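> Following is a predicted model, sequence given first.
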Amino acid sequence: MRTPSLESYENPLAQEMGQRLSELFPRWWILEQAKASGFVERVRNLDPMVFFWHLVLAFGSSSRLCLLQLHRSHQKVAPDQMSWPAFYDRFTPELLEFLKRCLERAMARVVFEALPARATESLEACDIREIVAIDSTLIPLHPDLAESFPNARSTTCPAAAKLNVQLGLLHRAPRAFSISSGKTAESPLLPTEAWMEGHLLLFDLGYFKIERFREIDDSGGFFISRLKTNSNPLLLRSLREGPGNRIDLHHWRLREVEPYLRRQILDAEGFFAPSNITLVAT
């Protein structure tokens, strides 16, 4: 890990970032969580604050560091020297618990712009108590972990972990997160549960599954998702109101209507039905 130059400390952006990170993880909180997680018992030869920031910043600056290199760079920044066996023995389940608590704190402190008052009123009118953003990301791992954490892109990155996060936007706090192998599909990472009632779920096409949409609706929840290119729902009626030329969408398929859309906006009610089903008006 390179030592920051004098210019970096004089850089206003670097100073602001350092200030925010210090506020996010103050020393008293780091020491408290290090002891509560069992990572340290007494601060003697190991300073949890130095160990934490060195571990985070060193891995953040390079994806090819090994533990031996990490130990060497730790020797340059730590006030007290630590032997290689002692440093290696610090990578324990207790360290994992300590880092998990740090991750939860960072996720809970993510800053969002406050919603306008009228937006909040509209959500309450729809019985929406929370908006949950759901997404996942791949974290490359050492190739030796490929058996436990196989990655879908095995040729370029044989091992990877998939971090799936559910983040509450109104309460500005994580609802849940899970870690699985990189080869795991995203759809099973969103099981339908009772908590979805009164929640608006936001997710991308990786979670697209028509059966799950029905389950979310049955549970009293709401969702927003893009459509897959091969989706062709059956339209029932237009939801647009006011003056202007409107197409009679009754019993049209979405792909049949698309050529007639001038503004590329379609607000309609419909449902997913097999292509061989035709409804007859009575």
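Ah, there it is.
> CA only for contacts and neighbour counts going forward, please
Will do.
> which outside residues touch stretch 181-201?
Applying CA atoms under 8 Å, 6 or more residues apart in numbering, the contact partners of stretch 181-201 are 127-134, 136, 138-139, 148-152, 159-162, 164, 206-209, 212, 215-216, 219-224.
> what does stretch 137-149 give?
Against stretch 137-149 from outside (CA under 8 Å, 6+ apart): 157-164, 180-183.
> Spatially central residue in the chain, please.
residue 165 (3.8 Å; CA atoms, centre = their mean).
> any idea how far residue 229 is from residue 58?
42 Å (CA to CA, to the nearest Å).
> one step back: lowest pLDDT pick from the contacts of stretch 137-149?
By pLDDT, residue 157 ranks lowest within the contacts of stretch 137-149, coming in at 87.
> tell me the secondary structure for that residue?
What DSSP: H, G, I helix; E, B strand; the rest coil gives for residue 157 is coil.
> Any stretches of the chain with poor pLDDT?
1-10, 43-45, 59-64, 108-120, 241-247, 263-264, 273-282 (pLDDT under 70).
> rerun at 50
Along the chain, the model assigns pLDDT under 50 to residues 1-9, 111-114, 278-282.
> send the alpha carbons of the longest helix seen in it over as PDB?
When the chain is parsed with DSSP state H, its longest helix is helix 93-108. Extracted in PDB, the C-alpha atoms of helix 93-108 (Å, rounded to 0.1, in the frame of the first residue of the first chain):
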ATOM      1  CA  PRO A  93     -14.400 -16.000  12.000                       C
ATOM      2  CA  GLU A  94     -14.200 -13.200  14.600                       C
ATOM      3  CA  LEU A  95     -12.600 -10.900  12.000                       C
ATOM      4  CA  LEU A  96     -15.400 -11.900   9.600                       C
ATOM      5  CA  GLU A  97     -18.000 -10.900  12.200                       C
ATOM      6  CA  PHE A  98     -16.200  -7.600  12.800                       C
ATOM      7  CA  LEU A  99     -16.100  -6.700   9.100                       C
ATOM      8  CA  LYS A 100     -19.700  -7.700   8.700                       C
ATOM      9  CA  ARG A 101     -20.700  -5.200  11.400                       C
ATOM     10  CA  CYS A 102     -18.600  -2.500   9.600                       C
ATOM     11  CA  LEU A 103     -20.400  -3.400   6.300                       C
ATOM     12  CA  GLU A 104     -23.800  -3.100   7.900                       C
ATOM     13  CA  ARG A 105     -22.900   0.300   9.400                       C
ATOM     14  CA  ALA A 106     -21.700   1.600   6.000                       C
ATOM     15  CA  MET A 107     -24.800   0.400   4.200                       C
ATOM     16  CA  ALA A 108     -27.100   1.900   6.900                       C
END
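> Next, the buried residues of it.
94-95, 97-99, 101-102, 107-108 (16 or more other CA atoms under 10 Å).
> again, but for stretch 16-28
residue 25.
> just stretch 201-217 next, same as before
So stretch 201-217, judged by 16+ other CA under 10 Å, has buried residues 201-203, 207-208, 212-213, 216.
> Secondary structure of residue 165: a strand, I assume?
Yes. Under three-state DSSP, residue 165 falls within a strand.
> Look up which residues are beta-bridged to it.
On the basis of DSSP bridges, residue 165 is bridged to residue 135, residue 177.
> just checking, it touches residue 178?
Yes. Assessed by CA atoms under 8 Å, residue 165 is found in contact with residue 178 at 6.7 Å.
> which residues of the protein fall in strands?
Here the chain has its strands, by DSSP state E, at 130-140, 160-168, 173-181, 199-202, 222-224, 234-238, 268-271.
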